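Peer 1: turn this into a structure:
(one chain, ligands or ions: 1)
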Amino acid sequence: MIPPIASRFVAGTTASGALDHVADCNETGLGGIVNLLGEHYHDREPADEDADVYCRLVDELAARDLNGSVSVKPSQIGIDVGLDVFAENFDRIVEAAADDDVFVWCDMEDHTTTDTTLDVVESAAQDHPHGVGVAIQANLKRTRDDLQHLADVPAAVRLVKGAYDEPSSIAYDAKAEVDEAYKEYLEFLFREFDRGVAVGSHDPEMLDAAVELHEEYGTPFEIQMLMGVREDAQRDLAAKGYEVNQYVPYGDKWMQYFYRRVRERKENALFALRAVVGV
Ligand code: FAD
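Peer 2: Here you go, the predicted structure:
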């Protein structure tokens, strides 16, 4: 059971609750990207179990005829256990999703996992062109090269700023530098990825840049934002005709995710405090 304080950011503990939330999103013109919370499994069993859940989730999304996809964390399906475990589980999920015509996103974790994640996604994309996509982090200095490479891979890209503290030798740290890099990579994506771009950001400046680039290049794009963050803006953008997909986390491992949301922004911390003290 999720306390009301966390339910702004997490769609309950069960798959059916998360799918109900996606149905509600669909009612307001938003798609849903379902993520079962869980990360850093060091044993095969929980990694396989979560992969099984994703296989059932894609079936359910299709059975309920929902506008939704799934997003998977590499360390949730075995990257810390072994490359083969991660690859097998990811392939299994992508196969099941392809049968249901459901799209699979792969979240990106810290820089120690980037190469393996890209290899596994690329291989899945060769088997299922346009059925998978991967998050790419603007804060990493390697990203320019990764995007050049991905231009020839039939996978989608979700551009995000990057959520992990990385060493300054390999990553930009200052917000201004990350924002600058984000805009540069966005321009590259709109220019080179005529198949489409996913803009994973709540930042009005980045969203405005995407709209301008769309007008310039005509490249289709979707906006992805987290459940509980700028939801009014999500609905407004959808009402204006933009494709908006909400990232919908669920599951009993909600605590860490909730605290991450609270820590990253003063307004979220105030919201949590108000919920606790009842003002
Ligand atoms: P920020 O730089 O945090 O904020 C810029 C501006 O956006 C703010 O000044 C404000 O105007 C607005 N804003 C931001 N947050 C709020 C808020 N809570 N309320 C009101 N206004 C706000 N990171 C990864 O490393 N790997 C991933 O796989 C990954 N997947 C993601 C998937 C999705 C759908 C999204 C939205 C993010 C994902 N992230 C991922 C997180 C991402 O890297 C950033 O850490 C996170 O999105 C914060 O950056 P931002 O672009 O939203 O804007």
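Peer 1: residue 197 touches residue 186, doesn't it?
Peer 2: Yes. Residue 197 is within contact range of residue 186, at 7.4 Å (criterion: Cβ atoms under 8 Å). C-beta here means a position set from N, CA and C on the backbone, and glycine is covered the same way.
Peer 1: overlap in contacts, the two.
Peer 2: 159, 210 (Cβ atoms under 8 Å, 6 or more residues apart in numbering).
Peer 1: and the stretch 51-200 of the chain, which of its residues are near the ligand?
Peer 2: For the stretch 51-200 of the chain, the contact set with the ligand under Cβ under 6 Å from any ligand atom comprises 107, 108, 135, 137, 160, 161, 162, 163, 164, 200.
Peer 1: separation between the spatially closest residue to the fifth one that is not a sequence neighbour and residue 4?
Peer 2: Read that as residue 160. Nearest non-adjacent residue to residue 160, counting by Cβ to Cβ, 6 or more residues apart in numbering: residue 200, 4.1 Å away. Distance from residue 200 to residue 4, counting by Cβ to Cβ, to the nearest Å: 27 Å.
Peer 1: ok, back up a step: any idea which of the residues of the stretch 51-200 of the chain next to the ligand has the most stuff around it?
Peer 2: When neighbours are counted by other Cβ atoms under 10 Å, residue 137 leads these with 28 neighbours.
Peer 1: quick one: that one and residue 158 touch, right?
Peer 2: No. The criterion here is Cβ under 8 Å, and residue 137 misses it with residue 158 at 9.9 Å.
Peer 1: look up which residues are beta-bridged to residue 157.
Peer 2: Beta bridges link residue 157 to residue 134, judged by DSSP bridges.
Peer 1: residue contacts, it?
Peer 2: 133, 134, 135, 136, 147, 150, 189, 193, 197, 198.
Peer 1: how close does it sit to residue 240?
Peer 2: 23 Å.
Peer 1: one more: residue 122?
Peer 2: 34 Å.
Peer 1: okay, the two: which has more neighbours?
Peer 2: residue 122 (17 against 10).
Peer 1: which element is residue 191 on?
Peer 2: Assigned by DSSP states H and E, residue 191 belongs to helix 175-192.
Peer 1: which residues sit against stretch 38-58?
Peer 2: 15, 19, 34, 36, 70, 72-73, 75-78, 80-81, 85-86, 89-90, 92-93, 96-97, 100, 102, 104, 109, 251, 253.
Peer 1: next, the buried residues of that stretch.
Peer 2: 38-39, 41, 46-48, 50-51, 53-55, 57-58 (16 or more other Cβ atoms under 10 Å).
Peer 1: quick check, nearest of the residues you listed to the ligand?
Peer 2: Distance to the ligand across these (Cβ to the nearest ligand atom) is lowest for residue 39, with 11.0 Å.
Peer 1: now do the SS call for the closest one.
Peer 2: Using DSSP: H, G, I helix; E, B strand; the rest coil, the structure places residue 39 in coil.
Peer 1: pLDDT weak spots in the chain?
Peer 2: 266-279 (pLDDT under 70).
Peer 1: can you give me the helices in it?
Peer 2: Along the chain, counting by DSSP state H, helices occupy 15-27, 44-63, 83-100, 114-127, 143-150, 175-192, 204-217, 231-239, 254-263, 266-277.
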